[in-house]
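Student: the following comprises the amino acid sequence and a computationally predicted model.
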Amino acid sequence: MTTPAPTRIPLAGVIGSPIAHSRSPALHGFWLRRYGIAGHYIPMEVSQADLAEALRMLPRLGFVGCNVTIPHKEAIIGLADIVTDRAAVIGAANTLIFRKDGKLHADNTDGLGFLNNLRQEAPHWVPSSGPAAVFGAGGAARGVVWALLDAGVPEVRIANRTRPRAESLRADFGARVQVVDWTQGASMVEGAMTVVNTTSLGMVGKSEFRIPLDALDPRAVVTDIVYTPLETPFLRAAKEAGCTTVDGLGMLLHQAVPGFERWFGVRPVVDAETRAAVLAA
Ligand code: ATR
């Protein structure tokens, strides 16, 4: 009589440093319970020095993949065997798959999460209806700019306090990107149909977003990647101008969908209960 091979419980998680405040374990844990999947998703504090070694060990321990967060999102590109086109152009990855052939597959789903959040929360949003205006040119902005261009926005205007970072986005993403001086940020929103804050301004404990938004078109869809607080002063000002506003929590929820589906075999739905579960964590 042969004993059947034990079925392995799939493991996934998020690696970063610091990791204690990540909302991803609450999100994936909620979906695992909701879909009755015998899997686990855990936060893992991994330093830069240990990153390569950790990635070698995780598949041997039963991990099918993981998310990667600050400060490893860029470094992971150099460690992966297969990098998706979008992760390569964004220059960072957040979702890893440990393939059965031993290869490390790296993708970036931040831009997709940004798009799917807008599509779900502002269904009338038409990316091609006019230019987009993006505040900030950091890591998060790269995913957002990729997404806007991929969705068919005709022009992306970017203003960043440190102008060379915006110039580098133009160099990487091409002529549809226009660099605007940070001091001209107020006029950048004129005629823009999509307006995004990707800076940390307005986040709890950070400086305020002080650029006036009087020139906003009320037809614009306005979103912030900051989600603490859910309604940032930036979004409040946009609401007062009559715009449709979309908060940043949905981007976090939607970026997690492709990873969960690949690791655990079920495409999870982002809905009000999902939001509530993450907010309660
Ligand atoms: P992330 O990966 O979250 O985008 P980041 O790469 O550190 O993090 O980028 C943070 C963004 O917020 C940048 O656009 C940054 O502007 P700089 O490139 O000039 O640093 C912007 N930011 C942070 N604090 C700011 C402030 N006080 N005023 C204006 N912009 C600020």
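Tutor: Now that the structure is in, tell me what you want to look at. Residues are numbered from 1 along each chain as shown.
Student: which secondary structure elements does the helix or strand where Trp146 lies contact?
Tutor: Assigned by DSSP states H and E, Trp146 belongs to helix 139-151. Counting contacts by 3 or more C-beta pairs under 8 Å, 6 or more residues apart in numbering; DSSP states H and E, helix 139-151 is packed against helix 85-90, helix 110-121, strand 132-135, strand 156-160, helix 163-173, strand 194-197. C-beta here means a position set from N, CA and C on the backbone, and glycine is covered the same way.
Student: can you give me the angle that helix makes with helix 163-173?
Tutor: Comparing the axes of helix 139-151 and helix 163-173 via axes from the mean of the first three to the mean of the last three C-alpha atoms, to 10 degrees yields an angle of 40 degrees.
Student: so which bits of helix 139-151 are buried?
Tutor: By neighbour count on 16 or more other C-beta atoms under 10 Å, the buried set for helix 139-151 is 139-149, 151.
Student: and these near the ligand, which?
Tutor: Intersecting the buried residues of helix 139-151 with the contacts of the ligand gives 139-141 (criterion: C-beta under 6 Å from any ligand atom).
Student: need the helices and strands packed on helix 139-151 in TSV with mean pLDDT and mean neighbour count, can you?
Tutor: Conversion of the helices and strands packed on helix 139-151 to TSV gives the following (pLDDT from 0 to 100; neighbours: other C-beta atoms under 10 Å):
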stretch	mean pLDDT	mean neighbour count
helix 85-90	96	19
helix 110-121	97	22
strand 132-135	98	28
strand 156-160	98	25
helix 163-173	97	17
strand 194-197	98	27
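Student: would you turn these into a markdown table with distance to the ligand?
Tutor: Listed next are the helices and strands packed on helix 139-151 as a markdown table, based on distance: least, C-beta to the nearest ligand atom, whole Å:
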| stretch | distance to the ligand |
| --- | --- |
| helix 85-90 | 11 |
| helix 110-121 | 9 |
| strand 132-135 | 8 |
| strand 156-160 | 5 |
| helix 163-173 | 5 |
| strand 194-197 | 9 |
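Student: now the helix holding Trp146, how far from the chain's geometric center?
Tutor: 10 Å (C-alpha atoms, centre = their mean, to the nearest Å).
Student: cool, stretch 9-24 as well?
Tutor: 15 Å.
Student: tell me the mean pLDDT for that stretch?
Tutor: Taken as a whole, stretch 9-24 has a mean pLDDT of 95.
Student: again, but for stretch 48-62
Tutor: 96.
Student: name the residues that touch it?
Tutor: 8-11, 15, 17, 44, 46, 66, 71-72, 75-76, 79, 96, 98, 102, 104 (C-beta atoms under 8 Å, 6 or more residues apart in numbering).
Student: the residue of the chain at minimum distance from the ligand: neighbouring residues, count only.
Tutor: Going by C-beta to the nearest ligand atom, the ligand is nearest to Gly138 of the chain, at 2.1 Å. For Gly138, the neighbour count with other C-beta atoms under 10 Å is 15.
Student: I'd assumed Thr198 was in contact with it.
Tutor: Yes - using C-beta atoms under 8 Å, Gly138 makes contact with Thr198 at a distance of 6.6 Å.
Student: how long is stretch 145-165 from one end to the other?
Tutor: 13 Å (C-alpha to C-alpha, to the nearest Å).
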